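Asker: Okay, predicted coordinates and the sequence, questions at the end:
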Amino acid sequence: MARLTLLLPPVAKFAGLALPGPLGKALARADRRREAAGEQAQVLRHFTLLPNRLAEAALSRVADAGMAGTQGAAWLRADPAHIRPDINGARLLGIGHAVGIDQADVDALLPALRPLFGDLGMALDAPHPARWYVRLEAGASLPDFAAPEAALGDDVFEHIPDGPQARRWRVLMNEVQVVLHNHPHNQMRLAAGRVPINALWFWGGGRLPDSVQADVAALYSADPVLQGAAQTGQLACMPVVDPDAVQAPALVDLRQSRDPRGLLERWLLPAARGEAVFDFADGLVFTLHPRQRWRLWRAPLATLSA
């Protein structure tokens, strides 16, 4: 029987939702385990990379610019962001799509920032308006930058890397903010009721892996990082579609869904009738198989947190 693997948001997203009866029974009888939490750990449970590190910038660039435009260098995401000062510091309130960026913003702001990077022997480009990239030498050593999901809403100073290796990046971040703060295009955005793009958020650095393998032959995802991983590993990759159109065995990325009830009813409930893996971003993993139906002594789960 072909297995369907679902990548899901954290269990907390389903708080207060009652499980449909058959789904509650299937989950109670399933094998359950706890794995490492976080998006990187969740992805690495289903992809084998050599070296074993999820270099998000290099992988997403494959999706945005192709393999030829990615190989032979190290890459760092430098996504346009909005940081708002407050009484306790400055908070990261938006990044990428969330700041409402379009190609006109790129055309206005990117040329003003490129010299800052060029002076340091790096190149900045933006093959996608919401995803900007810094090209570095293949052997470049990078600090451990925080992913956007870890920093969003927090004081940015809690997530800026420290140490001698990070010093030039902290200086560069400050120079970028000065240029963007003074740029007339941001005044136009403010006048139009849009937040200013006043920072770049560095994250996801590394080289393209030498090898990518997965435990399935097909991926359904809108995430450019996973799309790039699929292309690098020569896996079939398609956008997420109606559940009836998914052909197992497959990995279906549902982490960005904003409809938890719809996930339960349209995805988990039908998948629970066969062989499936439900992998939640906080590390809870259910493995389901039809033979588990004989575990009749297990009481049905009322909710995912039960």
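Answerer: Received, thanks.
Asker: how many neighbours does the closest residue in space to residue 125 that isn't next to it in sequence have?
Answerer: Take residue 125 and drop its neighbours on the chain: the residue closest to it by Cβ to Cβ, 6 or more residues apart in numbering is residue 133, 5.8 Å away. Where C-beta positions appear, they are placed from N, C-alpha and C, glycine not excepted. Residue neighbour count, defined by other Cβ atoms under 10 Å, stands at 26 for residue 133.
Asker: Go ahead and confirm residue 133 touches residue 58.
Answerer: No. Taking contacts as Cβ atoms under 8 Å, residue 133 lies outside contact range of residue 58: 9.0 Å.
Asker: overlap in contacts of these two?
Answerer: Residues touching both residue 133 and residue 58 by Cβ atoms under 8 Å, 6 or more residues apart in numbering: residue 75.
Asker: Can you show me the helices along the stretch 51-200 of the chain?
Answerer: For the stretch 51-200 of the chain, applying DSSP state H, counting those that start in this stretch gives helices covering 56-65, 103-118, 148-151, 167-182, 184-191.
Asker: Identify whichever of the ones you listed lies nearest to residue 97.
Answerer: Nearest to residue 97 among the helices of the stretch 51-200 of the chain is helix 148-151; the distance by Cβ to Cβ comes to 10.9 Å.
Asker: ok, which stretches of the chain are strands?
Answerer: Using DSSP state E, the strands of the chain run over 4-8, 31-34, 47-50, 74-86, 89-95, 123-128, 131-136, 199-207, 211-214, 218-220, 236-238, 250-253, 276-280, 284-288.
Asker: mind giving me TSV with those and columns for mean pLDDT and distance to residue 268?
Answerer: As requested, these are exported to TSV (pLDDT from 0 to 100; distance: least, Cβ to Cβ, whole Å):
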stretch	mean pLDDT	distance to residue 268
strand 4-8	97	7
strand 31-34	96	14
strand 47-50	92	22
strand 74-86	96	31
strand 89-95	94	29
strand 123-128	97	31
strand 131-136	97	30
strand 199-207	96	29
strand 211-214	93	21
strand 218-220	94	15
strand 236-238	93	20
strand 250-253	96	11
strand 276-280	97	6
strand 284-288	97	9
